[in-house]
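Colleague: coords please:
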Amino acid sequence: MASKLLVFATSMLVASISLASAPDSDGDGIADSRDQCQNTPKHSNVDGVGCPTRTTRQKQYESSILFGQNDDQPLVNQDSKFERLIGFAKRYKNHFVLIEGYSGFNDTQADIGTERSHQIAEMLIENGVRLDKIRVADRSNASIRLKNDSPSALAQTQKVVVKVVPRQPSNQSDYAPLPKSF
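Modeller: As a prediction, this is how the structure comes out:
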């Protein structure tokens, strides 16, 4: 039994050494000779032939950040949302950050959705998210369905929705890149 384990361990070591010396140009852990999906991002979750797994392709993040009436500054006590958002956007730095600014039912300032989007974009950029990966959309005139018209339900409409997604949006005309001077 011990000799079978020694033979098995030796063959695994030889296989590991030969795989370690095989070229892996995209750094996904699969040798180029077996890699059917070249150029996957380094350290991606891949299957046995080097193609992204379903969870890799689906990784995205979404969060709503709330604001006060006619205010372009986020409400306090949302630090954990910001930390998760920034962490995710920096970890998946090739993803796009889509920022949708809404005006609430109680907001009277016409461009408040855009101002809110720009506040969040500025915060992301200050924390290392690349400008060229951020897109904004003004949803000030979007209709939002409410379950009721209570003050807390109305406050939920004064928000920015931030999505970190693997690709540019298919409806690119809805989202504008930020100016280079931002």
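Colleague: using the record's domain definitions, break the protein down for me.
Modeller: What automatic domain parsing lists as the domains of the chain is 2-56, 60-177.
Colleague: which of those has the highest mean neighbour count?
Modeller: Across these, averaging neighbours per residue (mean count of other Cβ atoms under 10 Å) puts domain 60-177 on top, at a mean of 16. All C-beta spots, glycine's among them, are computed from the backbone N, C-alpha and C.
Colleague: gap between it and the chain center?
Modeller: How far domain 60-177 lies from its chain's middle: 13 Å, per Cα atoms, centre = their mean, to the nearest Å.
Colleague: avg pLDDT for it?
Modeller: Domain 60-177 shows a mean pLDDT of 84.
Colleague: got the end-to-end distance for that domain?
Modeller: Using Cα to Cα, to the nearest Å, the end-to-end distance of domain 60-177 comes to 19 Å.
Colleague: can you start the count at 24 instead of 1 from here on
Modeller: In the new count, where the first residue is 24, that last one comes out as domain 83-200.
Colleague: and stretch 62-72, average pLDDT?
Modeller: On average, stretch 62-72 scores 71.
Colleague: ends of it, what's the gap?
Modeller: In stretch 62-72, first residue to last residue: 13 Å (Cα to Cα).
Colleague: same question for stretch 117-128.
Modeller: Terminal residues of stretch 117-128 are spaced 35 Å apart (Cα to Cα).
Colleague: same thing with stretch 75-90?
Modeller: When the termini of stretch 75-90 are compared using Cα to Cα, they are 38 Å apart.
Colleague: from what I see, Cys60 and Val69 are in contact.
Modeller: Yes - Cys60 is within contact range of Val69, at 7.2 Å (criterion: Cβ atoms under 8 Å).
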